[in-house]
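Chemist: when you get a sec, could you give me coordinates for this:
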Amino acid sequence: MKAVAVLLACAFAGAAMAADIKVLSAGAVEPGLVKVVDQYRRETGNRVKIQFGTAPQLERRLAAGESADVLIASPGLMNDQLRRNKVEAEGHAFIGRVAVGVTVRATAPDPDIATLDRFKQSLLGADSIVCNQASVGLYLEKLFELLGIGEQLKAKTTRYANMAQVFEHLNGGKGSEIGFGAITEIRQFESKGLRLVGPLPEQVQNSTAYSAGVMTEAPTADVAREFVRYLGTPAAKATFAAAGID
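Modeler: I've put the predicted structure just below:
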């Protein structure tokens, strides 16, 4: 009986010592991050709650005063939070880069994106262009202008808040709709009706870098720093790379 009591006491003590970590993260790293978090939980017992969003969505939440322990974001948002002293300047972990991909619904023919010229012709011949309002959409807007087809594409381009809405648009289409998104996000919808055609042509590819930092007012700062260090370990890097985050 005494042995059982000791084991129960140890179990309750371990549960009491486990910490909760709140993470605000860019959605593009979700496929790798959820697996890394699961590894971290098994190894440490700490619980990690992740809330994903686009850069504009995360920016609005932070501006409204929402608290978190860790921010995982692209350089624009991360640097803005650093300037505002909302993220600790030291101890960041580089997560990896995510490239932009071209997608269509599974039943649609693939647009020809083998060369930059064929890519342009496919865009001009498409019934509609669909992308998000975050980093991918912003980049494409500039790219189309640089390619000299911005005006021709403007009337048939639709931008949504997130990849889920891009998916819904493409999946409900009947013509030659072409969608764009982070390759990692497109892959999450391949089992639901999307198909990844491939990355943007190499000459115009744009990879977004993501890093993690501890919020200056993190409720559990010490544990948050430990978690961010974990994101930079070789094991975590391998998991991110397997998910397409290089």
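Chemist: alpha carbons only for contacts and neighbour counts from here, please
Modeler: Fine.
Chemist: what's the helix or strand for residue 226?
Modeler: Assigned by DSSP states H and E, residue 226 falls within helix 221-231.
Chemist: which parts of the next helix or strand after that helix are buried?
Modeler: Remark: after helix 221-231, the chain's next helix or strand is helix 234-242, criterion DSSP H and E. If you call a residue buried by 16 or more other CA atoms under 10 Å, then helix 234-242 has these buried ones: 236, 237, 239, 240.
Chemist: where along this structure do the helices fall?
Modeler: With helices called from DSSP state H, the chain shows them at 2-17, 30-44, 55-63, 75-83, 116-125, 135-146, 150-154, 163-171, 183-188, 221-231, 234-242.
Chemist: looking at the ones you listed, which is closest to residue 109?
Modeler: helix 116-125 (11.3 Å; CA to CA).
Chemist: and the helix holding residue 226, C-alpha only, in PDB?
Modeler: Presented in PDB, the C-alpha positions along helix 221-231 are these (Å, rounded to 0.1, in the frame of the first residue of the first chain):
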ATOM      1  CA  ALA A 221       8.700  32.400 -19.900                       C
ATOM      2  CA  ASP A 222      11.300  29.900 -18.700                       C
ATOM      3  CA  VAL A 223       9.400  26.900 -20.200                       C
ATOM      4  CA  ALA A 224       8.700  28.900 -23.400                       C
ATOM      5  CA  ARG A 225      12.400  29.500 -23.800                       C
ATOM      6  CA  GLU A 226      13.000  25.700 -23.300                       C
ATOM      7  CA  PHE A 227      10.400  25.000 -26.000                       C
ATOM      8  CA  VAL A 228      11.900  27.400 -28.500                       C
ATOM      9  CA  ARG A 229      15.300  25.800 -27.900                       C
ATOM     10  CA  TYR A 230      13.700  22.400 -28.600                       C
ATOM     11  CA  LEU A 231      12.400  23.700 -32.000                       C
END
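Chemist: what average pLDDT does that helix get?
Modeler: Averaging pLDDT along helix 221-231 yields 97.
Chemist: other SSEs contacting that helix?
Modeler: Using 3 or more CA pairs under 8 Å, 6 or more residues apart in numbering; DSSP states H and E as the contact test, the elements touching helix 221-231 are helix 30-44, strand 93-98, strand 208-214.
Chemist: including distance to residue 118, mean pLDDT and mean neighbour count, could the ones you listed go into JSON lines?
Modeler: Output for the helices and strands packed on helix 221-231, formatted as JSON lines (distance: least, CA to CA, whole Å; pLDDT from 0 to 100; neighbours: other CA atoms under 10 Å):
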{"stretch": "helix 30-44", "distance to residue 118": "31", "mean pLDDT": "97", "mean neighbour count": "17"}
{"stretch": "strand 93-98", "distance to residue 118": "23", "mean pLDDT": "96", "mean neighbour count": "20"}
{"stretch": "strand 208-214", "distance to residue 118": "24", "mean pLDDT": "97", "mean neighbour count": "23"}
